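S.K.: Please find the sequence and the predicted model below.
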Amino acid sequence: MPYHHLDLTSSAAQSDLAERLSALRTEFELPAAFPPDVAREAEQAAAAVGKDLPQTDRTDLPFLTIDPPGSTDLDQAVHIQAGAEGHPDGFTVHYAIADVPAFITPGGALDAETMRRGQTVYLPDGRVPLHPEVISEDAGSLLPGQDRGAYLWTFALDAAGAVVDTGLERATVRSRTQLTYEQAQQMIDDGSVTEVPRLTQEEVTTLRLLKQVGLLRIEQESARGGASLNLPEQEIVATEDGYDLVSAPPLPVEGWNAQISLMTGMAAAQIMLEGKVGILRTMPDADASSEARFRARTVALGHPWEKGTPYGQYLRGLDTTDPQHLAIMHAATSLFRGAGYTAFDGELPEVTTQAAIAAPYAHTTAPLRRLVDRFVLQVCLALVEGREVPQELRERLSELPEAMKSSGSAASRVENAALDLIQTAELAGHEGEHFSAVVVSAPTPEQVEKAQAEDRLPYGEVQLEDPPVLGRYEGHAEAGQAVTVELVSADLESRTVLFRIVEQAAE
């Protein structure tokens with residue numbers, strides 16, 4: 001039967017949801033307003049940095065930014081041109097990263113507060129920023145039409161998209177235009193874009209080449225055995241009536257843009273490894289038993305991962321609109337585990353690669369929103385310039401893995417709780433109704449046995465078609481099976497939903 005969205009337009013429903021969202025900040029002990037001394041230091045830094053931009057002037061480069069709608073904390077800006085020195089059939093990629101280190105006094109109040117926060121946390125009713133807004137959404141953000149300091153990466157690529165030369169410097173840059181992913185995709189697809197000023201020919205060229213370079217870098221990723229999980233993302237969208245859930249596969253331009261960031265992170269990792277000091281984002285290879293279980297799952301779902309086929313190539317061949325393929329993609333998350341941060345100084349760590357990327361990698365391109373990136377930029381610049389990495393900077397590296405682990409865990413918990421809350425609010429009041437869904441995770445034999453011992457049905461996970469809710473079900477069904485489920489409960493207090501399998505589609 002058709003689903004009718006819960007009416008959240010009443011003042012009572014809006015007020016209740018707003019109170020529950022606000023309560024998440026207290027429940028998960030998120031930091032509130034910045035302390036007065038931190039805010040004061042940020043104001044002073046913003047004023048000082050604005051008057052003392054880097055002497056190297058690259059405002060001639062027509063950078064543009066591509067971000068989600070409404071973004072104001074803009075970390076990266078890109079400019080791409082055809083041809084590179086020694087490679088006329090290659091490309092030159094300029095990638096500007098916000099100069100956050102310029103605002104931070106080591107040992108100061110702002111430095112200590114960012115170490116405590118670790119990263120920006122995004123919630124439906126607003127963000128909990130890593131830096132005060134005077135920096136993250138103003139003086140430090142690569143907003144269009146503003147001169148800003150940046151760590152400017154310059155990459156020379158050959159015709160195949162491989163990096164043949166890397167440069168890094170601090171420079172003054174000026175972004176010309178801010179685009180959303182949807183606007184960038186529209187321009188690339190049909191040459192039109194709405195609700196933004198007319199783009200210059202150089203900006204249009206950057207977008208056209210972003211697709212070309214992005215596709216080449218995906219080929220490079222495939223060749224080295226890297227992989228990306230392009231699962232449809234559940235996203236909370238603010239509306240005039242409150243909030244809504246949407247789910248769609250990422251736009252192609254998001255993947256092409258991500259490849260520029262990945263390329264930069266890989267370059268940063270290589271610089272630090274050669275200099276024998278820095279901090280990497282690492283993830284071990286999947287163990288043999290996990291890989292064997294995943295291979296068995298792909299066979300059971302009718303799309304086996306053949307021996308000899310690179311993992312990334314296999315995943316790129318999946319279509320998430322196919323129920324069996326969607327279940328495989330969810331199962332693949334079992335191989336993307338154990339990611340962390342590894343600091344080193346002198347002796348190289350045992351694990352230096354990020355298994356999903358299939359290369360050494362470092363978080364580098366989001367310093368406004370993530371603490372570790374600021375340190376990576378500083379270490380890389382010192383190494384590229386042939387300077388000693390300052391001792392006070394080296395001593396801080398060992399603090400970062402725990403700070404990032406703690407903040408990452410907290411951010412994940414609260415963001416998942418917010419999603420669970422919105423999902424539950426969407427479904428509350430619809431108990432007993434039926435929904436079309438796909439089983440993305442079926443109970444294991446051990447879970448079935450445990451359920452039988454407890455005299456209950458086993459649990460699995462389903463993805464609803466509308467609304468795009470990912471929730472727990474009870475019953476017997478195979479992964480990849482199209483089913484009809486009945487909503488058993490939607491409990492706002494626990495932020496949980498439960499479905500029951502009532503019908504399975506005929507094979």
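M.R.: Alright, I've got the coordinates.

S.K.: could you say what helices and strands the lengthiest helix in the chain packs with?
M.R.: Longest helix of the chain, by residue count under DSSP state H: helix 400-427. For helix 400-427, the elements it packs on are helix 11-27, strand 121-123, strand 233-239, strand 242-248, strand 340-345, helix 371-384, strand 482-491, strand 496-504, judged by 3 or more CB pairs under 8 Å, 6 or more residues apart in numbering; DSSP states H and E. Yep, even glycine has a C-beta here, placed from its N, CA and C like the rest.

S.K.: so which of those gets nearest His476?
M.R.: strand 496-504 (6.8 Å; CB to CB).

S.K.: Show me how far that closest one is from its chain's centre.
M.R.: Offset of strand 496-504 from its chain centre (CA atoms, centre = their mean, to the nearest Å): 30 Å.

S.K.: Give the other helices and strands that it contacts.
M.R.: Under the contact criterion of 3+ CB pairs under 8 Å, 6+ apart, strand 496-504 touches helix 400-427, strand 434-441, strand 470-474, strand 482-491.

S.K.: tell me which residues in that strand are buried?
M.R.: By neighbour count with 16 or more other CB atoms under 10 Å, strand 496-504 contains the buried residues Val497, Leu498, Phe499, Ile501.

S.K.: Identify, from the residues you listed, the entry nearest to Gln391.
M.R.: Using CB to CB, Val497 comes nearest to Gln391 of the buried residues of strand 496-504, at 52.9 Å.

S.K.: how far away is that closest one from Pro367?
M.R.: 37 Å (CB to CB, to the nearest Å).

S.K.: and what of Glu385?
M.R.: Separation of Glu385 from Pro367 (CB to CB) stands at 18 Å.

S.K.: More neighbours: which of these two?
M.R.: Neighbour totals were compared for Glu385 and Pro367, and Pro367 leads with 30 against 10 (other CB atoms under 10 Å).

S.K.: To which secondary structure element type does that one belong?
M.R.: What DSSP: H, G, I helix; E, B strand; the rest coil gives for Pro367 is coil.

S.K.: what kind of secondary structure is Gly386 in?
M.R.: Taking three-state DSSP, the label given to Gly386 is coil.

S.K.: List phi and psi for it.
M.R.: phi 80, psi 20 (degrees, to the nearest 10).

S.K.: who touches it in this structure?
M.R.: The contact partners of Gly386, by CB atoms under 8 Å, 6 or more residues apart in numbering, come to none.

S.K.: Return the biggest strand by length in the chain as PDB; C-alpha atoms alone will do.
M.R.: Longest strand of the chain, by residue count under DSSP state E: strand 163-180. Below are the C-alpha coordinates for strand 163-180, written out as PDB (Å, rounded to 0.1, in the frame of the first residue of the first chain):
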ATOM      1  CA  VAL A 163      50.900  12.100 -11.200                       C
ATOM      2  CA  VAL A 164      54.300  12.900 -12.600                       C
ATOM      3  CA  ASP A 165      55.100  15.900 -10.400                       C
ATOM      4  CA  THR A 166      53.800  17.500  -7.200                       C
ATOM      5  CA  GLY A 167      54.200  21.000  -5.900                       C
ATOM      6  CA  LEU A 168      53.100  22.600  -2.600                       C
ATOM      7  CA  GLU A 169      53.200  26.200  -1.500                       C
ATOM      8  CA  ARG A 170      51.400  28.800   0.600                       C
ATOM      9  CA  ALA A 171      49.700  31.300  -1.700                       C
ATOM     10  CA  THR A 172      46.900  33.900  -1.900                       C
ATOM     11  CA  VAL A 173      44.000  32.600  -4.000                       C
ATOM     12  CA  ARG A 174      40.600  33.800  -5.000                       C
ATOM     13  CA  SER A 175      37.700  31.500  -5.800                       C
ATOM     14  CA  ARG A 176      35.400  32.900  -8.500                       C
ATOM     15  CA  THR A 177      32.300  30.700  -8.200                       C
ATOM     16  CA  GLN A 178      30.600  28.500  -5.600                       C
ATOM     17  CA  LEU A 179      28.600  25.600  -7.200                       C
ATOM     18  CA  THR A 180      26.600  22.800  -5.700                       C
END
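
S.K.: after it, next one along is what?
M.R.: Using DSSP states H and E, the helix or strand that directly follows strand 163-180 along the chain is helix 181-190.

S.K.: Name the residues that touch that following helix?
M.R.: For helix 181-190, contacts defined as CB under 8 Å, 6+ apart pick out 66-69, 179, 192-196, 199, 204, 207-208, 210-211, 251-254, 257.

S.K.: got the buried residues for the helix or strand just after that helix?
M.R.: Using DSSP H and E, the helix or strand that follows helix 181-190 in sequence is helix 201-224. Within helix 201-224, the residues that count as buried by 16+ other CB under 10 Å are 203-207, 209-211, 213-214, 216-218, 220-222.

S.K.: now swap in stretch 441-452 and tell me
M.R.: So for stretch 441-452, counting by 16+ other CB under 10 Å, buried means Ser441, Ala442, Pro443, Val448, Ala451.

S.K.: Closest one to Glu399 out of those residues, please.
M.R.: Checking the buried residues of stretch 441-452 against Glu399 with CB to CB, the nearest one is Ser441 at 37.0 Å.

S.K.: Which residue, neighbours along the chain excluded, lies closest to that closest one?
M.R.: Glu461 (4.0 Å; CB to CB, 6 or more residues apart in numbering).

S.K.: Now do the one you found: how many residues are near it, please.
M.R.: Glu461 has 19 neighbouring residues, counting by other CB under 10 Å.

S.K.: now swap in Glu137 and tell me
M.R.: Residue neighbour count, defined by other CB under 10 Å, stands at 18 for Glu137.

S.K.: isn't there a helix covering it?
M.R.: Yes - Glu137 forms part of a helix when assessed by three-state DSSP.

S.K.: What's the per-residue pLDDT of the nearest residue to it once chain neighbours are set aside here?
M.R.: Distances taken as CB to CB, 6+ apart place Thr72 nearest to Glu137, at 4.2 Å, with adjacent residues excluded. Model confidence at Thr72, given as pLDDT, is 95.

S.K.: ditto for the one 4 residues further on
M.R.: Model confidence at Gln76, expressed as pLDDT, equals 98.

S.K.: didn't it look like it was pressed against Phe63?
M.R.: No - Gln76 is beyond contact range of Phe63, at 9.2 Å (criterion: CB atoms under 8 Å).

S.K.: who touches both of these two?
M.R.: Ala96, Leu142.

S.K.: from the chain's centre, how far out does the longest strand of the chain sit?
M.R.: With CA atoms, centre = their mean, you get 20 Å for strand 163-180.

S.K.: now swap in stretch 39-47 and tell me
M.R.: Computed by CA atoms, centre = their mean, the chain-centroid distance of stretch 39-47 equals 29 Å.
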